[in-house]
Structure formats: structure tokens, C-alpha cells
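S.K.: dropping a prediction and its sequence here:
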Amino acid sequence: MNRVMHVILLLCLPLVNTAKAEIYELPPPGYDVVGAISTVMARHEDTLVDIARRHGLGYEDIVRANPDVNVWVPGEGTEVVLPTRFVLPAGSRRGVVLNLAEYRLYYFPQAAPGETAYVMTYPISIGRMDWETPLGLTKIISKVNNPSWYVPQSVLDEHAANGDPLPRIVPPGPNNPLGKFAMRLGLPGYLIHGTNRPAGVGMRVTHGCVRMFPEDIEFLFGKVNVSTPVRIINEPVKMGWDGDDLVMEVHPILEVAAPEATEEMPNEEPVADTAASNDVAVEAKDPLTYVTEQFIVTTGDRAGQLDWHLAEQVVGRSDGIPTPVGQGIKNAAASAAF
């Protein structure tokens, strides 16, 4: 019943190129999964990155789902899996949710009474190992068209050391890495913004900010209001219900450490080389610890039985494809006895 709605038809927006944002009706109670897995045939001129962008996916999405396909020359007629089925993140379905381990953003616009509720989802790039994107609760505090990039001193020093000096301020235009749209977060110095290098979307390549395809940030920019809440999480394992099936989606564990600097907005004080929310690295857990935690959360209000053998197989793949790993148990007493 989860029906993908094409943005251009649903909202009548004249986007350049094809619409990449996927919009799904929010499932009813008892369902936490949206979308569907599908396949396409690669064309002679395609790369996996090209195919990913056409279907609202990022680099890691498409590569993990197609481990045996050459990224840059998949070959004409090669079948490519599109991992466009998602377990919604646990927790409140409101505002923006950024799951770093998944390289994905979810936006839950507030529906008016009596109207259908939707969720929109987009691939993102996040901070690399030495410039981590912080975790926590924040909100959108401002929006800027055609932003200038006020380069942090750490980034200036890095580029200078590499023989690629940058100006202190990069004006709007094709050389601006922020792209045409930016939304500033309440975490000082952190942004959700576009890019002039879309091939990197879905990778761990930024200086801490969240990077989106140009067409995706343009669409989101017009929909997200200032003060919209933003929740940044790192959940490599997601679990939810699809009717009677207990479904799990697993991504490789992403260790999040303290960032060193950020991509600053104009008219803001420079950000010190410290974490925005934590000053220590977040220790990575064993994958099955994440599974246990998600199982406890998912079965808090509804009894379920987990097949640990299947769960271990899904963890071993860590391909981001939702897979049934258990079922609901209608007899709570039997569940407790089991």
C-alpha cells in the first residue's frame, strides 16, 4: 500500500531534470516500511553513480546493493538492484531525521487534519573521519539562497598544505561547494546544503555538513520551514513491522568522532575546532548489540520473535536492503514462555 508519488505530479513543481525525491504515504499503525526494491538495466553509457542519482539513491546505497557490479562500467544490459525500500527510523516521525550510518535524510512534513501524511527521503553526504557530523537534536534556524562560503581556518590550512589555497570567502557561483541553497542548523556552523560536486553525494566526504543533490536541496528548501526540528542519529540497524513480519535493515557500522571544523554560514562567528555536541568519540558497538537494542524498541508494544540466524545473515551482508527476520506473536503468554 506504500505508493511512491512522483514529486512533479504530486506537487506540480517545475524541477530541472527528473524529480529525484521519493515521496511515500506514511504507513498506518503496525507498518514501518515504505517503498519497494526494483531493478533496472544499465545502459552503455551508465555508471552506477548515474543510475543512483536518477532513482533517488547515493553512492553507498547503490554500491552496497550491487557488490558484484563494476561501479564505473556496469556494462550495457547489466541488471542493477535499486534499494528503494526503507525501514523508517525509530522515534518521532516529525521534522527532519538524518541517519548518518545510512547516508540518508528523512523529512516528515506536518499534515493538516484530515490530510494524508507523507515522508520524503533523500541520499546525503556526511562528514569524513576527521571532520565528523555531530549527533543530537537541533533545528533549522535560517535558510539562504546563493550562500557565500566563509571558509573555516582549518579548511584554509588544509588546502594550503596541499598546495591548493582557498580564498577566505567563496562567493556564490559554480565554484561554491555549498551550491545554491543552504539551511543552517542550530549546531553552530553546521549546514544542510547543495553541492557543485554531485558525484560525491552518498559518501563520507564533507567537512561535517550534510550535502545533498542540487535538485533535492532545491525541493527541500522550498518545503522546510525555519524552526523545523532536526534529529541526527547514527543507527546502522533499523527494525520495524511490515504487517506480521519483523523487518530489519542493516548498514555498516559508522564510528562517529568529534569534528574539527565546519562549513560556516555568512555573518556567523568562526567555529572552534571542537565538537558541536560531544568532545569524545562514540565507541562502536558490536553489530548484534544494535540488533538487540532495536528488537527491544520494536517489540516494546507488540510481542515478536526474532530469528537470530537470519538476523546474523543480514548483519553479515549489511547491504541496506530490508529483510524479514521474525514475526509477531499474538499470544503474549506464549511469547513470554518462549
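M.R.: Cool, the structure landed.
S.K.: which residues touch Ala160?
M.R.: Applying Cβ atoms under 8 Å, 6 or more residues apart in numbering, we find Ala160 in contact with Leu166. Backbone N, C-alpha and C define where each C-beta goes, glycine included.
S.K.: could you export the host helix or strand of it as PDB, CA atoms only?
M.R.: Using DSSP states H and E, Ala160 sits within helix 153-161. The C-alpha coordinates for helix 153-161 follow below in PDB (Å, rounded to 0.1, in the frame of the first residue of the first chain):
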ATOM      1  CA  GLN A 153      40.600  28.400   9.200                       C
ATOM      2  CA  SER A 154      41.200  24.700   9.500                       C
ATOM      3  CA  VAL A 155      40.000  24.200   5.900                       C
ATOM      4  CA  LEU A 156      42.200  27.100   4.700                       C
ATOM      5  CA  ASP A 157      45.200  25.400   6.400                       C
ATOM      6  CA  GLU A 158      44.400  22.000   5.000                       C
ATOM      7  CA  HIS A 159      44.100  23.300   1.400                       C
ATOM      8  CA  ALA A 160      47.300  25.400   1.800                       C
ATOM      9  CA  ALA A 161      49.200  22.400   3.000                       C
END
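S.K.: give the rounded mean pLDDT of stretch 111-126.
M.R.: For stretch 111-126, mean pLDDT is 94.
S.K.: off-centre distance for it?
M.R.: 13 Å (Cα atoms, centre = their mean, to the nearest Å).
S.K.: ditto for stretch 86-99
M.R.: For stretch 86-99, the distance to the chain centre is 10 Å (Cα atoms, centre = their mean).
S.K.: pull up the distance across it, start to finish.
M.R.: 12 Å (Cα to Cα, to the nearest Å).
S.K.: just the buried residues of it, please?
M.R.: Under the neighbour-count criterion of 16 or more other Cβ atoms under 10 Å, stretch 86-99 has 86-90, 95-99 buried.
S.K.: now the helix holding Ala160: mean pLDDT?
M.R.: Per-residue scores along helix 153-161 average to 74.
S.K.: same deal with stretch 90-99?
M.R.: pLDDT averaged over stretch 90-99 gives 95.
S.K.: buried residues in the helix holding Ala160?
M.R.: Result for helix 153-161 [16+ other Cβ under 10 Å]: buried residues 154-155, 158.
S.K.: mind picking the one among those residues that's closest to Leu26?
M.R.: If you rank those by distance to Leu26 using Cβ to Cβ, Val155 comes first, at 39.1 Å.
S.K.: can you count the residues close to the nearest residue to Leu220 once chain neighbours are set aside?
M.R.: Excluding the flanking residues, the one nearest Leu220 by Cβ to Cβ, 6 or more residues apart in numbering is Tyr107, at 6.4 Å. For Tyr107, the tally of surrounding residues (other Cβ atoms under 10 Å) stands at 22.
S.K.: now swap in Asp164 and tell me
M.R.: Count around Asp164 with other Cβ under 10 Å applied: 8.
S.K.: same thing with the one 4 residues further on?
M.R.: Other residues near Arg168 come to 10 when the count uses other Cβ under 10 Å.
S.K.: distance of the residue nearest to it when sequence neighbours are not counted from Pro188?
M.R.: Nearest-residue entry for Arg168: Val151, 5.9 Å, with adjacent residues in sequence omitted and distances by Cβ to Cβ, 6+ apart. The gap separating Val151 from Pro188 is 16 Å, by Cβ to Cβ, to the nearest Å.
S.K.: and the two? which has more neighbours close in?
M.R.: It is Val151, of Val151 and Pro188, that has more neighbours when counted by other Cβ under 10 Å, with 21 against 17.
S.K.: the more buried one touches Leu166, doesn't it?
M.R.: Yes. Contact status for Val151 versus Leu166: in contact at 5.3 Å, counting by Cβ atoms under 8 Å.
S.K.: okay, now the spatially closest residue to Ser92 that is not a sequence neighbour: neighbour count?
M.R.: Leaving out its chain neighbours, the residue that sits closest to Ser92 by Cβ to Cβ, 6+ apart is Arg231, at 7.4 Å. With neighbours defined by other Cβ under 10 Å, the count for Arg231 comes to 19.
S.K.: tell me how many other residues crowd the residue lying closest to Tyr59 once chain neighbours are set aside.
M.R.: Sequence neighbours aside, Gly202 is the residue nearest to Tyr59 in space, at 3.7 Å (criterion: Cβ to Cβ, 6+ apart). Using other Cβ under 10 Å, Gly202 is surrounded by 27 other residues.
S.K.: so how far is Ile62 from Gly202?
M.R.: Counting by Cβ to Cβ - Gly202 and Ile62 are separated by 8 Å.
S.K.: joint contacts of these two?
M.R.: Residues touching both Gly202 and Ile62 (Cβ under 8 Å, 6+ apart) are Ala52.
S.K.: where's Leu310, which helix or strand?
M.R.: helix 308-317.
S.K.: follow-up on the earlier one: closest one of the buried residues of stretch 86-99 to Arg54?
M.R.: Nearest to Arg54 among the buried residues of stretch 86-99, with distances taken as Cβ to Cβ, is Phe86, at 17.7 Å.
S.K.: which parts of the protein are helices?
M.R.: 7-10, 48-54, 59-65, 153-161, 214-221, 287-298, 308-317, 332-337 (DSSP state H).
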